[in-house]
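Participant: pasting a predicted model and its sequence here:
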Amino acid sequence: MAALAPAVAAVRAAVRRGLADMSPGDTVLVACSGGADSLALAVAARFVTQRMRTHCGLVTVDHGLQAGSGERAARLAGWAREHEFDPVDVRTVKVAGHGGPEASARNARYAALVAAAKAHRAALVLLGHTRDDQAETVLLALTRGAGPHGLAGMPARRERQGVCFARPLLDVTRADTRAACEVAGLTPWEDPHNSDHAYARSRVRPLVAALGPAVIDNLARTAALVAADTALLDELAADAYDKAATGADELDVAELQRLPQAVRTRVLHAWARRLGVSGGALSHRHVVAMDNLVTDWHGQGPAALPGGLRVARQDGRLRRLG
């Protein structure tokens, strides 16, 4: 018997770990664009799930942003059916022009994946992000001045609208996924957006590649370390929120003053979200303005938040006005 290619073994092992909590009869969907990362993921997932007696399906999203995208999606779906993926689902979306091209396409894609997962009652949706993608995410977060949540990179698992998404390849390199496709005799689709400098990730990708494997590993390791610390701080903040909340739309200032800054600002951020502020609109300066009502109080007026909301300090409480 021929030895298993190291790249194939690495991808399969990562998928096996990612599916360790699946039960026989569960349905797993692979989100696949036809690129090397998601194609290698799909092949490995099909192999692993056969031995786990779980169902492995494939969903591809046609964003309609490029000529021939519908034909590409149809070819990929045909390949998936030939290789006994079940179910196979093609979702066509319309990308709205809100929040920039990357964010708009991502939002449309996730909405389609959530809908597909619910339609097929999938226990898990697999995404093909690799260690290289994680390094790019951390570097982009640094350039944007992001806080710990940004530097934590992409989580290995996350729930969106009741659907669980997993990224089993975060410890696998892009070189491995390409090599795995080559071993399988597959020709991945090369997304032209990956070289289109209108997209921030395409601008940072050559830089990350030039930094070399050691730096990529270090950036990904940084994300994992920051993610662990952030998860603990988020737990502490959730407990602190419960203690500081004194009623509808109110926080006790004395309780907030007892908290370390890293926990207090998380409480304020969560409070603003609960008041109805969009997480995407809430910036560092908004949180600082709220924090000043707690730690630098000198009778100033209310802090303005996105969406026309205002919060003020009154009678030892932070309150929403109006």
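Facilitator: Thanks, I have it. Residues are numbered from 1 along each chain as shown.
Participant: beyond the longest strand anywhere in the chain, next helix or strand please.
Facilitator: In the chain, assigned by DSSP state E, the strand with the most residues is strand 55-62. Moving toward the C-terminus from strand 55-62, the next helix or strand (DSSP states H and E) is helix 69-82.
Participant: before we move on, back to that, show the average pLDDT along the longest strand of the chain.
Facilitator: On average, the pLDDT along strand 55-62 is 95.
Participant: who touches that strand?
Facilitator: Contacts made with strand 55-62 from outside it, assessed by Cβ atoms under 8 Å, 6 or more residues apart in numbering, are listed as 25-34, 42, 45-46, 49-50, 69-70, 72-73, 76-77, 80, 85-93, 108-109, 112-113, 116-117, 120, 122, 125. Any C-beta I mention is one placed from the backbone N, CA and C, and that applies to glycine too.
Participant: buried stuff in that strand?
Facilitator: Neighbour-count burial for strand 55-62 flags 55-62 (criterion: 16 or more other Cβ atoms under 10 Å).
Participant: now render those residues as a markdown table, adding distance to Ala14.
Facilitator: Listed next are those as a markdown table, based on distance: Cβ to Cβ, whole Å:
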| residue | distance to Ala14 |
| --- | --- |
| His55 | 20 |
| Cys56 | 15 |
| Gly57 | 19 |
| Leu58 | 18 |
| Val59 | 20 |
| Thr60 | 21 |
| Val61 | 23 |
| Asp62 | 27 |
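Participant: correct me, but Gly153 touches Leu225?
Facilitator: No. Counting by Cβ atoms under 8 Å, Gly153 sits too far from Leu225 to count as a contact (10.3 Å).
Participant: who's more crowded, the two?
Facilitator: Gly153 (26 against 12; other Cβ atoms under 10 Å).
Participant: how near is that one to Val28?
Facilitator: The gap separating Gly153 from Val28 is 23 Å, by Cβ to Cβ, to the nearest Å.
Participant: likewise for Ser104?
Facilitator: In terms of Cβ to Cβ, Ser104 sits 27 Å off from Val28.
Participant: looking at those two, which is more packed in?
Facilitator: More neighbours surround Val28 than the other of Ser104 and Val28, with 26 against 17 (other Cβ under 10 Å).
Participant: what is the burial count for the closest residue to Gly147 other than its chain neighbours?
Facilitator: Nearest residue to Gly147 in three dimensions, chain neighbours excluded: His284, at 7.1 Å (Cβ to Cβ, 6 or more residues apart in numbering). Look at His284: counted by other Cβ under 10 Å, it has 12 neighbours.
Participant: surely His284 touches Ala146?
Facilitator: No. Applying Cβ under 8 Å as the test, His284 and Ala146 come out as separate, 9.4 Å apart.
Participant: give me the common contacts of those two.
Facilitator: Counting by Cβ under 8 Å, 6+ apart, nothing touches both His284 and Ala146.
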